[in-house]
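S.K.: Here is a sequence together with a model predicted from it:
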Amino acid sequence: MGIKSFQGKRDTSRNNKIEDQILVADYMTSKLITFKAEDSLDHVISMLIKNKISGGPVVNDKNELIGIISETDCIKHISESKYYNMPSDNNNIVGKYMVTDVETIDKNMNIFDAAFKFLVSKRRRFPVVDEKGVLIGQLSQKDVLKAALKVKGNTWK
């Protein structure tokens with residue numbers, strides 16, 4: 001005896017309609033804590049701890065995304081300087097330690113396609129930028145989980 005589905009036939013007439021999709025823009029965080037390339041690592045560390053975040057985007061004066069700084073970037077610097085018994089460097093600025101090869105995500109992407117992108121890339125967050133490279137938000141793995149809770153029933157769009 002085979003397995004039977006009691007959910008009925010899937011409604012394919014609704015597939016891929018933009019208005020039915022749950023988009024990244026619906027769940028991204030738009031009020032972000034950002035950093036500048038000239039900020040000190042001490043400032044970044046204190047902001048990460050104070051705001052209970054693991055990293056943040058680095059922007060220029062036009063709010064264009066130029067990098068990401070994370071706890072890991074800060075820890076790398078700390079461990080290297082302590083390991084080699086180096087004195088504290090006065091030039092510990094974000095621009096020296098941030099990651100500049102940043103993968104972004106489109107605000108019009110389906111949230112569950114974004115979930116797959118998280119799995120493949122093993123990233124914890126994706127900045128969202130507009131066509132001009134201006135930072136407009138950020139999507140985290142937790143945002144995807146929030147979207148999943150909002151979906152009613154078993155209809156993953």
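M.R.: Noted; the coordinates are in hand. Note that the coordinates shown come from a computational prediction; the quantities given were computed from them, not determined experimentally.
S.K.: Not counting its neighbours along the chain, what's nearest the residue sitting nearest the centre point of the chain?
M.R.: What sits nearest the mean C-alpha location of the chain, by Cα atoms, centre = their mean, is Arg125, with 2.0 Å. The shortest distance from Arg125 to any non-neighbouring residue, by Cβ to Cβ, 6 or more residues apart in numbering, is to Ser140 (4.6 Å). Bear in mind the C-beta positions are built from the backbone N, C-alpha and C, glycine included.
S.K.: Any idea which helix or strand in this protein has the lowest mean pLDDT?
M.R.: Lowest by mean pLDDT, DSSP states H and E among the helices and strands of the chain is helix 71-83, with a mean of 80.
S.K.: just checking, what packs against that helix?
M.R.: In this structure, helix 71-83 makes packing contacts with helix 41-51, strand 55-59, helix 94-97, judged by 3 or more Cβ pairs under 8 Å, 6 or more residues apart in numbering; DSSP states H and E.
S.K.: Can you list the low-confidence ranges for this structure?
M.R.: Across the chain, residues meeting the criterion (pLDDT under 70) sit at 1-20, 81-90, 152-157.
S.K.: ok but Ile136 is inside a strand, no?
M.R.: Yes - the assignment for Ile136 is a strand, going by DSSP: H, G, I helix; E, B strand; the rest coil.
S.K.: so how far is His77 from it?
M.R.: 29 Å (Cβ to Cβ, to the nearest Å).
S.K.: same check, this time on Asn63
M.R.: Computed as Cβ to Cβ, the Asn63 to His77 distance reads 26 Å.
S.K.: Tell me who's in contact with Ile69.
M.R.: Ile69 makes contacts with Phe35, Val44, Gly55, Gly56, Val58, Val94, Tyr97, Met98, Val99, as judged by Cβ atoms under 8 Å, 6 or more residues apart in numbering.
S.K.: now these as CSV including neighbour count and distance to Asn110?
M.R.: Below are the contacts of Ile69 laid out as CSV (neighbours: other Cβ atoms under 10 Å; distance: Cβ to Cβ, whole Å):
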residue, neighbour count, distance to Asn110
Phe35, 26, 30
Val44, 25, 33
Gly55, 21, 25
Gly56, 23, 25
Val58, 26, 28
Val94, 23, 33
Tyr97, 18, 34
Met98, 23, 29
Val99, 14, 26
